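1. What shape does this take:
(one chain, ligands or ions: 1)
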Amino acid sequence: MRKLTYFIAASVDGFIGRPDGEAGFFTEYVDEEFFEFLKSEFPETMPTHGRQPLGIDDLENQQFDTIVQGRASYDLALEAGVTSPYAHMRQYVASRTMEKSPDPAVEIISEDLRGRVRALKEEGGLGVYLCGGSVLAGELLDEIDELIVKTYPLVLGSGMPMFASGFGLERFALESVRTFGNGALVSRYSRER
Ligand SMILES: NC(=O)c1ccc[n+]([C@@H]2O[C@H](COP(=O)([O-])OP(=O)(O)OC[C@H]3O[C@@H](n4cnc5c(N)ncnc54)[C@H](OP(=O)(O)O)[C@@H]3O)[C@@H](O)[C@H]2O)c1
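-> Modelled structure (predicted):
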């Protein structure tokens, strides 16, 4: 069975964006060293419209070939006029309100989200990238097999939590930590079942 991995950028105090979710300020940490890391290990996590101007849209997927995101996260692409933000992967957007997908490359999941994600995990191939945001990660917490947290040296005080979910003790084991010159960390945790 392949994994569902929540790959997410966060502050030291665990927030993934401002209270409204806006997270553009994290990109200041994508300096040359961090960009090289993303390019070699997680190129598919960069959206197609970000890869094209950099001439790296032909990089092979390394970890994931399928992405699941929430409707509010997908809205950010739509607002930028992009209907297929991760054209190099199979794309799913969870939404109960979108009646029709604006792009043939994007499938809307409106019912039985967990069942659909479980079925995706049972397929072969590279992993499934849970892109966020907070609401979707909270809904899918039980299905998450792996966390990869890009922690940037910032304290926000308040903001959008990594998971919009109730209190619980969800146990993960630390697999690796990589440190970067600018103070960023990338920590990989696997679910203890
Ligand atoms: N720091 C990072 O790396 C990072 C990564 C990704 C996103 N973000 C931030 O996260 C913010 C968005 O997060 P968010 O928590 O507000 O929203 P979200 O999780 O992206 O999307 C929530 C929406 O997903 C749909 N949904 C959730 N559960 C569902 C279910 N069981 N079945 C069907 N549809 C379901 C609903 O859409 P409908 O309302 O249409 O039904 C819900 O309103 C953005 O501002 C973005 O900047 C940050």
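
2. so how many other residues sit close to the residue nearest to Pro19 when sequence neighbours are not counted?
-> What sits nearest to Pro19 in space, not counting adjacent residues and going by CB to CB, 6 or more residues apart in numbering, is Gly159, at 5.6 Å. For every residue, glycine as well, the C-beta is placed using N, CA and C. Neighbour count of Gly159, defined by other CB atoms under 10 Å: 22.

3. can you give me the strands in this structure?
-> 4-11, 15-17, 64-70, 90-94, 106-109, 127-132, 146-152, 160-161, 172-179, 185-191 (DSSP state E).

4. and the second one, is it in reach of the ligand?
-> When you say that, I think you mean strand 15-17. Yes - shown here: strand 15-17 in contact with the ligand (CB under 6 Å from any ligand atom) through 16-17.

5. can you pull the buried residues of that strand?
-> Neighbour counts over strand 15-17 (16 or more other CB atoms under 10 Å) mark 15-17 as buried.

6. From those residues, pick the one nearest the ligand.
-> Minimum distance to the ligand across these is 3.6 Å, recorded for Ile16 (CB to the nearest ligand atom).

7. pLDDT value on the closest one, please?
-> At Ile16, the model reports a pLDDT of 98.

8. now Glu107
-> Taking Glu107 on its own, its pLDDT is 98.

9. Neighbours of the nearest residue in space to it that is not next to it in sequence, how many?
-> In space, Glu107 comes closest to Tyr92 once its chain neighbours are excluded; the distance is 5.2 Å by CB to CB, 6+ apart. Residues within reach of Tyr92, counting by other CB under 10 Å, total 22.

10. right, and Tyr92 touches Thr66 too?
-> Yes - with contact defined as CB atoms under 8 Å, Tyr92 counts as touching Thr66 (7.2 Å).

11. what residues are shared contacts of those two?
-> Shared contacts of Tyr92 and Thr66 (CB atoms under 8 Å, 6 or more residues apart in numbering): Leu120.

12. Pick out the residue nearest the middle of this protein.
-> Compute the mean C-alpha point of the chain, and by CA atoms, centre = their mean the closest residue is Cys131, 2.1 Å away.

13. Show the contacting residues for it.
-> Neighbours of Cys131 in contact, by CB under 8 Å, 6+ apart: 7, 45, 67-69, 73.

14. How far does the worst-scoring helix or strand of the chain on mean pLDDT sit from its chain's centre?
-> Across the helices and strands of the chain, the lowest-confidence element by mean pLDDT, DSSP states H and E is helix 48-54, at a mean of 92. Centroid separation between helix 48-54 and its chain, computed with CA atoms, centre = their mean, to the nearest Å, is 17 Å.

15. Also stretch 18-38?
-> In terms of CA atoms, centre = their mean, the centre of stretch 18-38 is set 13 Å apart from its chain centre.

16. touching the ligand at all, it?
-> Yes - contact of stretch 18-38 with the ligand (CB under 6 Å from any ligand atom) involves 21-23.
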